[in-house]
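>>> Fold the stuff below for me.
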Amino acid sequence: MAEDIQVKREIVIEADAQTLEKMRKEGHARGFTVYCDEARGGDNSAPSPLAYFACRLASDCSRKFPGTGKCSRPIS
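Have a look, this model is predicted:
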């Protein structure tokens, strides 16, 4: 029966990061290189880790609420 079928999905993403100078970091994942930095204690030369997280939330909202790019409603 369909109720007896169990599906397990596993996603593995390997990443590594290193500190360059002050608060600046360089990360590598899936062939991409990303940088992050902090305004306080760093040079503000790249988005902060929290800014990347906020962009992730905004991208999820733009999928749920197309055309807005904003979270205008709580995400359920």
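>>> which residues in the chain form helices?
49-64 (DSSP state H).
>>> in the protein, which ranges drop under the pLDDT threshold?
For the chain, the stretches with pLDDT under 70 are 1-2, 62-76.
>>> So which residues of it form strands?
15-21, 24-29, 32-36 (DSSP state E).
>>> strands paired with the second one, and their directions?
The strands beside strand 24-29 in its sheet (DSSP bridges) come out as strand 15-21 (antiparallel), strand 32-36 (antiparallel).
>>> Comparing those, which stretch has the densest surroundings?
strand 32-36 (a mean of 12; mean count of other C-beta atoms under 10 Å). All C-beta atoms are positioned from the backbone trio N, CA, C, and that covers glycine.
>>> about what we covered before: got JSON lines for the strands paired with strand 24-29, with distance to S45 too?
Formatted as JSON lines, the strands paired with strand 24-29 follow (distance: least, C-beta to C-beta, whole Å):
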{"stretch": "strand 15-21", "distance to S45": "10"}
{"stretch": "strand 32-36", "distance to S45": "7"}
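>>> With respect to V7, which of these lies nearest?
Closest approach to V7 among the strands paired with strand 24-29 is made by strand 15-21 (25.8 Å; C-beta to C-beta).
>>> which residues are contacting that closest one?
Contacting residues not belonging to strand 15-21 are listed as 25-29 [C-beta atoms under 8 Å, 6 or more residues apart in numbering].
>>> ok, these vs I13, which is closest?
Nearest to I13 among the contacts of strand 15-21, with distances taken as C-beta to C-beta, is A29, at 5.9 Å.
>>> Please name the residues that touch the closest one.
Going by C-beta under 8 Å, 6+ apart, the list of residues near A29 reads 13-16.
>>> still on that earlier bit, next, format the strands of the chain as JSON lines and append distance to C55.
JSON lines is the format used below for those (distance: least, C-beta to C-beta, whole Å):
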{"stretch": "strand 15-21", "distance to C55": "17"}
{"stretch": "strand 24-29", "distance to C55": "14"}
{"stretch": "strand 32-36", "distance to C55": "11"}
